[in-house]
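Participant: compute the structure for the input listed below.
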Amino acid sequence: MPTFVYMTACDGCGYCVDICPSDIMHIDPVTRRAVNIEPNFCWECYSCIKACPQNAIDDRGYSDFAPMNHKVRVLREPEKGVISWRLKFRDGREKHFESPIRTTPWDSIKCASEYDMPEVGLNDTQQLAHEPEYLLADGGLRMINKNKFVKYEYTGDKHGTA
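Facilitator: Numbering: from 1, shown residues only. You can find the predicted model right below:
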């Protein structure tokens, strides 16, 4: 279900552009509104729909679950802590689904430049920079010891032992 933008509701804030993992949401230079430039490349993650503060982005439902003349609406409702889906079928039936918001608040993740520089020699370990602190692993993380691996050489027998 690729996304599309209601131009009358969009204010051009750019949240959808920032969050789109496939980089297909852009701000049109003429209208200054968001537009999905390649709907066929949409990952259907709905990050743009969930991030839009104006609820100006919607999706096109596939005919297998939302046939012709249907309406599908996805709304992020942070005050309720849910993402709600509303499907309206052409015979008038409606289905409502809600799922909890599991993402972090906007601008709550630290930028890489806000961390201290990694310790010297850290590139010789298997850890990523700041990994033990972020994972709250005070005693450190377990590492794979290369000495525990046994090297086998193929000698042609069926077990492969030397």
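
Participant: what residues does S99 make contact with?
Facilitator: 82-83, 85 (CB atoms under 8 Å, 6 or more residues apart in numbering). (C-beta placed from N, C-alpha, C; glycine too.)

Participant: so for C16, what's the pLDDT?
Facilitator: If you check C16, the pLDDT there is 93.

Participant: A helix includes it, no?
Facilitator: Yes. The assignment for C16, made by DSSP: H, G, I helix; E, B strand; the rest coil, places it in a helix.

Participant: can you get me a residue count around it?
Facilitator: 28 (other CB atoms under 10 Å).

Participant: from what I can see it touches R33, true?
Facilitator: No. At 10.5 Å, C16 does not count as touching R33 under the criterion of CB atoms under 8 Å.

Participant: any low-confidence regions in this structure?
Facilitator: In the predicted model of the chain, residues 1, 61-69, 122-123, 125-144, 157-162 satisfy pLDDT under 70.

Participant: picking that back up, any shared contact partners between C16 and R33?
Facilitator: Shared contacts of C16 and R33, defined by CB under 8 Å, 6+ apart, comprise V5.

Participant: first to last residue in stretch 26-38, what's the distance?
Facilitator: Looking at stretch 26-38, the gap from its leading to its trailing residue is 10 Å under the measure CA to CA, to the nearest Å.

Participant: also stretch 36-43?
Facilitator: OK, stretch 36-43 end separation, CA to CA: 12 Å.
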